[in-house]
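[1] pasting a predicted model and its sequence here:
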Amino acid sequence: MSRLRTLAATLAALGLSLANVVTASAEAYPTRPIKIIVPTPAGGPVDVIARLIGNYLASSLGQAVVIDNRPGAGNTIGSKEAAQAEPDGYTLLYSSASARERICRVCLDQLDWALGASAHAARGDRQAQRSNQ
């Protein structure tokens, strides 16, 4: 039952994000295939859910949806590709929560290195907030 709720929540969130793209754009959306990048191997649970979402979007929007599995480096390869994609709503990222947590930690480490000591203090505050929740 919780998987069904998770799928429903994911579809709702994805639908809201696509609604924002449609209202913000003057042209009809979508006019070309949509790509969903999945930073895990094909056949796993994250991939299966992404394919279900892709099928739903394809039937709802009347446009092809391509699932592009880009596994490797702790999900960083696929996530980096999605982050560097054109911000036009045609490239989406679907990942698991645990993968996003790892990616965020890598990003925070890089940010700490780039910003120096002030970022270390801010990161300590974020870690303290997480432990208090």
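    Sure thing, it's come through.
[2] need the helices for this structure, in chain order.
    Counting by DSSP state H, residue ranges of the helices within the chain are 2-24, 45-61, 76-83, 97-115, 117-132.
[3] tell me the buried residues in stretch 64-82?
    Under the neighbour-count criterion of 16 or more other CB atoms under 10 Å, stretch 64-82 has 65, 67, 69-71, 75-76, 78-82 buried. (Each C-beta comes from the backbone N, C-alpha and C, glycine too.)
[4] from those residues, pick the one nearest I36.
    Within the buried residues of stretch 64-82, the smallest distance to I36 is 5.3 Å, found for I67 (CB to CB).
[5] domain map for the chain?
    Domain ranges of the chain: 2-95, 97-133, per automatic domain parsing.
[6] ok, of those, where does mean pLDDT dip lowest?
    Summarising mean pLDDT across the domains of the chain, the least confident stretch is domain 97-133, with a mean of 53.
[7] so for S96, what's the pLDDT?
    Confidence per residue is given as pLDDT, and for S96 that number is 81.
[8] distance of it relative to R70?
    S96 sits 14 Å away from R70 when distances are taken as CB to CB, to the nearest Å.
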